[in-house]
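Q: with the input below, show me the fold.
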Amino acid sequence: MDYAANKKSKYCYTIADIPLVPLTAQSSTRFVAAGPALLSFITNPPGCVFPIHSHEAVQILVILEGTEEHICGDETFLMEAGDVCVHPSNVPHGGKTSTGFRGIDIFVPPREDYLKLMADHGLPITGPKP
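A: Model prediction:
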């Protein structure tokens, strides 16, 4: 198989090339949406507070770097790199980070407000819309 060294596949993305979208005054993300899932490559700087909120979508948060004091339902706990939190539908959650963190949020089904935010920033949604 011949691979072109300078040509990316239509199926492959480089995270750094995905446009950065603000979520709050401090928090930003890079979105990828396809079919029944939405991924958010989130970056929260040191001192960032992500407000308590809830939504219909199930959310899975994977911390890649840094830490966050995280709230999910009636629990508060420290998430560190390598930790995964599953947020059931409509369960309040949020957090604050003293170190800053980078992570991946997976939403199933995609959050409609985030799909709108993507459209507002001219970002494509690949695959069939859920």
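
Q: go ahead and confirm Ser40 touches Asp105.
A: Yes - contact criterion Cβ atoms under 8 Å: Ser40 and Asp105 qualify, at 4.0 Å. Any C-beta I mention is one placed from the backbone N, CA and C, and that applies to glycine too.

Q: overlap in contacts, the two.
A: Residues touching both Ser40 and Asp105 (Cβ atoms under 8 Å, 6 or more residues apart in numbering) are Thr29.

Q: what ranges do the strands span in this structure?
A: 21-22, 28-34, 37-44, 49-53, 58-72, 75-80, 84-87, 93-96, 101-108 (DSSP state E).

Q: mind checking pLDDT for Tyr13?
A: What the model reports for Tyr13 is a pLDDT of 82.

Q: quickly list what the closest residue to it other than its chain neighbours is bridged to.
A: Excluding the flanking residues, the one nearest Tyr13 by Cβ to Cβ, 6 or more residues apart in numbering is Val32, at 6.3 Å. Note on Val32: beta-bridge partners by DSSP bridges are Leu39.

Q: do the same with Val108
A: Where Val108 sits in a bridge, its partners, by DSSP bridges, are Val58.

Q: what about the closest residue in space to Ile60 that isn't next to it in sequence, neighbour count?
A: In this structure, Ile60 finds its nearest non-sequential neighbour in Ile106, 4.4 Å apart by Cβ to Cβ, 6+ apart. Here the number of neighbours of Ile106 (other Cβ atoms under 10 Å) works out to 17.

Q: contacting residues for Ile106?
A: So Ile106 contacts 37-40, 59-60, 62 (Cβ under 8 Å, 6+ apart).

Q: what of Ser89?
A: Each residue near Ser89 by Cβ under 8 Å, 6+ apart is listed here: 55-58.

Q: recalculate using a threshold of 7 Å.
A: Neighbour list for Ser89: 56-58 [criterion: Cβ atoms under 7 Å, 6 or more residues apart in numbering].

Q: and the spatially most central residue of the chain, what pLDDT?
A: For the chain, Ser40 is the residue whose C-alpha lies nearest the centre (Cα atoms, centre = their mean; 2.4 Å). On the pLDDT scale, Ser40 is placed at 97.
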